[in-house]
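**Student:** Need coordinates for the following:
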Amino acid sequence: MSKDYKYLFVSIKPEFTEKILSKEKSIELRKVRPHVVSGDYVIIYASAPVMGVVGIARVKHIIEMKPSELWEKYSTRLGIDKQRFDDYYNGLSRAIGIELDSVRPLSSPISLTELRGVDPSFHPPQIYRYVTSEQICSVLSRYFQTLKDVYR
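**Tutor:** Predicted coordinates:
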């Protein structure tokens with residue numbers, strides 16, 4: 001029986017997408033835990049001014065712990081300084097990290113215009129959203145034969 005993978009579409013500031021694509025940052029921080037598991041896909045969308053899909057990755061692991069514990073254990077992999085980390089999690093008792101694996105940059109971003117060419121009502125998520133593999137494959141098809149080919 002084959003696994004039905006989920007596709008998590010995340011909006012990330014360009015300064016952090018660059019760090020993810022260069023492998024300087026391997027854990028994406030979130031305040032809300034997404035419903036994904038190891039092996040699911042993450043579609044990396046760089047917010048303004050880029051406004052396009054810049055890469056794809058796999059979920060290695062979801063980390064959930066107190067912000068202070070997350071910083072202590074993983075700070076060198078977060079791509080953010082302590083002040084910004086503390087500001088982001090200010091007043092929260094739980095921090096979420098999406099540990100990324102098999103990060104693949106695209107040769108050029110897939111623009112918001114192109115995404116809307118497939119789905120005119122498409123809006124990048126504020127936090128994240130789930131998309132179907134058919135939607136993703138139709139948009140990414142000019143870059144990859146299939147997503148499975150990328151991760152052989």
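**Student:** Now do the helices in this protein.
**Tutor:** Remark: helices assigned in the chain by DSSP state H are 14-21, 67-74, 82-88, 112-118, 133-140, 147-150.
**Student:** Give me the helices and strands touching the first one, please.
**Tutor:** It refers to helix 14-21. With contacts defined as 3 or more CB pairs under 8 Å, 6 or more residues apart in numbering; DSSP states H and E, the secondary structure elements packing on helix 14-21 are strand 41-46, strand 52-65, strand 95-111. In this view, the C-beta of every residue, glycine as well, is placed from N, C-alpha and C.
**Student:** What lies in contact with that helix?
**Tutor:** Residues lying outside helix 14-21 but in contact with it, judged by CB atoms under 8 Å, 6 or more residues apart in numbering, are 12, 25-26, 28, 44-47, 49-50, 54-55, 57, 79-80, 100, 103, 105.
**Student:** quick one, it and strand 41-46 angle?
**Tutor:** Angular relation of helix 14-21 and strand 41-46 on a 0 to 180 degree scale: 140 degrees, by axes from the mean of the first three to the mean of the last three CA atoms, to 10 degrees.
**Student:** So what's the residue count around residue 48?
**Tutor:** Taking other CB atoms under 10 Å as the neighbour definition, residue 48 ends up with a count of 10.
**Student:** before we move on, what about residue 92?
**Tutor:** The local packing of residue 92 (other CB under 10 Å) involves 11 other residues.
**Student:** swap in residue 104?
**Tutor:** Residue 104 is flanked by 15 other residues according to other CB under 10 Å.
**Student:** For residue 24, see how far away the nearest residue to it once chain neighbours are set aside is.
**Tutor:** Here the nearest residue to residue 104 in space, its sequence neighbours aside, is residue 56; by CB to CB, 6 or more residues apart in numbering that works out to 5.2 Å. Taking CB to CB, to the nearest Å as the measure, residue 56 and residue 24 are separated by 18 Å.
**Student:** Kind regards, and thank you for your time.
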